[in-house]
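[1] take a look and give me a structure for this.
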Amino acid sequence: MDCTPAPAKNKFAFSARRAAVVVTLALLMTLTMLQGTAEGPEVETTQGYFITETNLYAQPDRSGEVLLRIPQYTPLVIRVSADPAQKGFGWTQVADVSGYVGLANLLPMPKVFSDWREGKTMFAWDVRLLREQSLHGAEVLLRLLPETPFTVLGRTKFMLYVEAQGVRGYIYADKLEELRRDQPLEPTLRYSAMEQPLLSWPLAGAQPLIDLKAGQLLRVTGQNRAYLRVEVMDQVGYVQRQHTGAIGEVAEQTMLVYSQTASPLYSGVDDARPAGQTMEPGRLYQVDAQAGDFLRLKDSGLFARAGGVQALLLKAFAAPRLAGVDAPRALMGLPEADSANDRWLQPGRLYTFLSSSGNWWYVDDGLVQGFVDVRHLTPLPERGEKMNRTYAVYTGEAAFLPGSSQAQPVVPGQLVELNELWGKQWFRTGQGSYVHIGAVDILASDVPVRPHMVILDQALTMYSLPDEARGRALAVLDAGEQVEVIGFARYFLLLRARGMEGYVVGKTLKTHETRYLPDTDPPPCEILVNKADFSVSLYALDARGQRYGELILRGIAALGKRSTPTPSGRFPLGFKQRWVRFSQSQAPHAITYLRGRYLHGIPCYGPDEAQVTEWGLQELGTLSSGGCVRMTFDMAAYLYFNCPSYKTIMEVVNGLE
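    So this is what the prediction gives:
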């Protein structure tokens, strides 16, 4: 069998396979070219801006629809197509609107060049906008506040290229200042006079490193402008000099230091002079002087190294502040401490605070010492409110003098005169002590009336107090004797007779002025003011002090207008005046329920009900007062005589269910 032709057959088969591969590749290249043609002309991307406002068109045609006007100096990213139909135009997007712009006046983006300020730290005195591009219309990356430091990296023909707060961008280069080098100082100790940030640069707009507490010790090593370079807690930063203090420099500030460990004390400003004593951990020591890195402790005269202690600053109050608590509160050994000491503040007692550290008030009266968050206190106001002379009897066993939490013993049942109201819970007595409202029982208050003369129609005994059992007899006044009535208390009239002042039972001496004086002690009552219908109602109270529905009196009132509303809530009645003066009028039978707010009769042009104002009558039943509750003459007078101050509550509601 002849096998010669076989090689020729195999050669032909290989050639055929190679040709098929070549044809296939050619077809793939043709398809790729056809596909590229189908996708459209080649597109290039460029960036630029216009120095004038430019139209954004819906189509690449200047006669077409204008979608919007592009502000000048707005950076644009433009796609330029080789399509002849778009010649001279490019596609872009502005404010989420896409369209075409003409390319004739397009300028390339500004280039960054070297600048003589490269590497320098600079700042501006005004607010600067850090922009993404070197154009006025570019996106704002940051708003740099005055005195925000930045580093110069270069410049363009319009702006400086800078880095601020870790962000690079462009700002205008006018009116900038270079931050100079720090001036070294001999190391000294100062303290932070307030809570403030430790800044990374001596500039107000610099980034804060940590928050400093009032009294925190600072090691000063340099100065730059109005700032000090300080070292604190392994940080180096800057604080304004005016916000620091030197120990003993400010009379109303006291520095206390403490140590968490038994830090050694020294007899001088030298580590080589140990005193053989240590600081008691957690105890507070007052500092009265500083020398180098050492602090002198006031009580012992020994020195502690500043690096081994922590400090806090006490700022003295202008006057001692008195405060109590509504529930037992633990005293902390240090502000914001995790655990309390073994001292507690108790309700019903009064404590005197002389200084504070931030929101923490400090008490140290020899009996209690420590800090308490002011949010847990009920501070008395800085000044008390005037009271009508008020008689009360002690039901508790203690009163308190300012400066000490030591209770002053009193005898239950003992008579006391109250002169001032401090807050809602404390009275000040005629002897200068303070007594809790729960520790006294109000007997009576002297209330003024228009002075007038009366003639006795029978003999009456004049007493030293508005109480026949507790008061002593001053004199027996004869029938036909003329006396002057100047006030009342309970059902007694306060008289002037025979060169004395005293009290007589008043039911036989009533005049028009005192027509609503009760014949006996008025029953416990409560005033209800309903803002929904402008009504004022007087209700009797039951043995539990609850309104039980017996209506004693009802009337209509003018209440506070929208700009000065009558507040809702429960208010004890306070100081009473026969006339209260306003800017253009006076009102009779005024009873204070808040400082500057009263219940009173219709305003008059003078201290005489005959001079009543027309507008005062017309405004009853409207929102027209400055927050007062204005009533008719008779309603106001009845409440004046029959609702004892400091015992009667007025409740103001927005409506009744």
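[2] can you give me the strands in the stretch 201-350 of the chain?
    Counting by DSSP state E, counting those that start in this stretch, the stretch 201-350 of the chain has strands at residues 208-212, 217-224, 227-232, 235-240, 244-245, 253-258, 264-266, 274-278, 285-291, 294-297, 303-305, 310-324, 329-332, 340-345.
[3] scratch that, the stretch 1-150 of the chain is what I was asking about
    For the stretch 1-150 of the chain, the strands defined by DSSP E, counting those that start in this stretch cover 43-49, 54-57, 66-70, 76-81, 89-94, 97-102, 107-108, 121-124, 128-131, 140-144, 150-155.
[4] of these, which is nearest residue 282?
    Across the strands of the stretch 1-150 of the chain, residue 282 has its closest neighbour in strand 121-124 (43.4 Å, Cβ to Cβ). All C-beta spots, glycine's among them, are computed from the backbone N, C-alpha and C.
[5] buried stuff in the closest one?
    For strand 121-124, a neighbour-count test (16 or more other Cβ atoms under 10 Å) marks 122, 123, 124 as buried.
[6] as CSV, those with pLDDT would be great.
    Converted to CSV, the buried residues of strand 121-124 look like this (pLDDT from 0 to 100):
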residue, pLDDT
122, 96
123, 96
124, 96
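[7] nearest to residue 605 among the residues you listed?
    Using Cβ to Cβ, the shortest approach to residue 605 within these belongs to residue 124, at 61.7 Å.
[8] now the closest residue to that closest one other than its chain neighbours: how far from residue 445?
    In this structure, residue 124 finds its nearest non-sequential neighbour in residue 176, 5.5 Å apart by Cβ to Cβ, 6 or more residues apart in numbering. Using Cβ to Cβ, to the nearest Å, we find residue 176 at a distance of 71 Å from residue 445.
[9] the more surrounded of these two?
    Neighbour count, other Cβ atoms under 10 Å: between residue 176 and residue 445, residue 445 has more, with 25 against 18.
[10] list the contacts for the more buried one?
    Residue 445 makes contacts with 387, 388, 389, 390, 391, 489, 576, 644, 645, 646, as judged by Cβ atoms under 8 Å, 6 or more residues apart in numbering.
[11] that one pairs with what?
    Judged by DSSP bridges, the bridge partners of residue 445 are residue 390.
[12] any idea how far it lies from residue 385?
    Relative to residue 385, and taking Cβ to Cβ, residue 445 is found at 13 Å.
[13] ok, now residue 504?
    To residue 385, residue 504 is 30 Å away according to Cβ to Cβ.
[14] who's more crowded, those two?
    residue 504 (23 against 15).
[15] so how many other residues sit close to the residue nearest to the more buried one when sequence neighbours are not counted?
    Spatially, and ignoring its direct neighbours in sequence, residue 504 is nearest to residue 460 (4.4 Å; Cβ to Cβ, 6+ apart). Residues within reach of residue 460, counting by other Cβ under 10 Å, total 24.
[16] correct me, but residue 460 touches residue 476?
    Yes - judged on Cβ atoms under 8 Å, residue 460 makes contact with residue 476 at a distance of 7.4 Å.
[17] for residue 321, grab the count of nearby residues.
    Residues near residue 321, counting by other Cβ under 10 Å, number 21.
[18] where does the stretch 1-150 of the chain have low pLDDT?
    Within the stretch 1-150 of the chain, the stretches with pLDDT under 70 are 1-40.
[19] could you work out the end-to-end span of stretch 319-337 for me?
    Stretch 319-337 has its terminal residues 27 Å apart, counting by Cα to Cα, to the nearest Å.
[20] next: stretch 243-262.
    End to end - Cα to Cα - stretch 243-262 spans 31 Å.
[21] and if you look at stretch 503-518?
    Using Cα to Cα, the end-to-end distance of stretch 503-518 comes to 15 Å.
[22] what does that stretch contact?
    449-450, 452, 454, 456-458, 460-466, 468, 471, 477, 485, 488-495, 519, 637-638, 640-642.
[23] straight-line length of stretch 512-523, end to end?
    End-to-end distance of stretch 512-523 (Cα to Cα): 22 Å.
[24] what about residue 227, how many residues close to it?
    Residue 227 has 23 nearby residues by other Cβ under 10 Å.
[25] no no, residue 605
    13.
[26] right, and it touches residue 585 too?
    Yes - in this structure residue 605 lies within contact range of residue 585 using Cβ under 8 Å: 6.3 Å.
[27] overlap in contacts of the two?
    Taking Cβ under 8 Å, 6+ apart as the contact rule, residue 605 and residue 585 both touch residue 613.
[28] one step back: out of the buried residues of strand 121-124, which is nearest to residue 435?
    Closest approach between the buried residues of strand 121-124 and residue 435, by Cβ to Cβ: residue 123, at 59.9 Å.
[29] bridging across strands, which residues link to the closest one?
    residue 177.
[30] now residue 46
    Per DSSP bridges, the residues bridged to residue 46 are residue 78.
[31] neighbours of it, how many?
    Neighbours of residue 46 (other Cβ under 10 Å): 15.
[32] what of the one 3 residues further on?
    As a burial measure, the neighbour count of residue 49 was computed by other Cβ under 10 Å and equals 24.
[33] got it, and residue 167?
    Residue 167 has 13 nearby residues by other Cβ under 10 Å.
[34] can you check residue 343 too?
    Applying other Cβ under 10 Å, I find that residue 343 has 17 neighbouring residues.
[35] I'd say it and residue 365 touch.
    No - contact criterion Cβ under 8 Å: residue 343 and residue 365 do not qualify, at 11.2 Å.
[36] pLDDT score assigned to residue 220?
    As predicted, residue 220 sits at a pLDDT of 93.
[37] now do the same contact list for it.
    185, 187, 188, 189, 190, 228, 229, 230, 244.
[38] weed out the non-buried ones from those residues.
    Counted by 16+ other Cβ under 10 Å, the contacts of residue 220 give 188, 189, 190, 228, 229, 230, 244 as buried.
[39] name the nearest of those residues relative to residue 206.
    Nearest member of the buried ones among the contacts of residue 220 to residue 206, counting by Cβ to Cβ, is residue 229, at 12.3 Å.
[40] show the contacting residues for the closest residue to the closest one other than its chain neighbours.
    Distances taken as Cβ to Cβ, 6+ apart put residue 222 closest to residue 229, at 3.6 Å, once the chain neighbours are dropped. Residues in contact with residue 222 (Cβ under 8 Å, 6+ apart) are 182, 183, 184, 185, 228, 229.
[41] next one: residue 480
    Neighbouring residues of residue 480 by Cβ under 8 Å, 6+ apart: 455, 456, 457.
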